[in-house]
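Participant: Need coordinates for the following:
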Amino acid sequence: MTGTPLPPWLLAHRDGCVVLVSAQPGARRSELAGLHDGTLRVRVAAPALEGRANEALREWLAARLQCATSRVRLLRGDKSRRKQLLVDLTPEQVLARIGPLLMQAQ
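Facilitator: Modelled structure (predicted):
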């Protein structure tokens, strides 16, 4: 790390970093909607049935981070809107790729 403090939605982890998300399943389209209570608010265009919204969230995040879906894993929040996703990238890589999207969403 460069010494720059991480935003509240991003935590360092020994296997990469953890992204904190507030998911809104059943949306018209999947998109970053800004911040909510220290998490990224992500609208997910999949219903919260049988894990479909979780899988869609993993795929959406992997696409935005330009990595394979297998590098994004759900740690916590399987049945909750608040989720913790482990990403096999450095926090700097995640910030560089999500930061511009977050600026557009606000």
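
Participant: contact partners of the lowest-mean-pLDDT helix or strand in the chain?
Facilitator: Within the chain, no helix or strand scores below helix 91-105, which has a mean of 91 by mean pLDDT, DSSP states H and E. Identification of contacts with helix 91-105 by CB atoms under 8 Å, 6 or more residues apart in numbering yields 1-2, 6-7, 10, 12, 17, 19, 31-35, 40, 64-66, 87. For the C-beta atoms, the positions are set from N, CA and C on the backbone; glycine is no exception.

Participant: what do you get for stretch 16-25?
Facilitator: Contacts for stretch 16-25 (CB under 8 Å, 6+ apart): 8-12, 33, 36-44, 46-48, 53, 57, 61, 71, 75, 77, 81-91, 94, 98.

Participant: Try it again at 7 Å.
Facilitator: The contact list for stretch 16-25 (CB atoms under 7 Å, 6 or more residues apart in numbering) reads 9-11, 36-44, 46-48, 53, 57, 61, 75, 81-91, 94.
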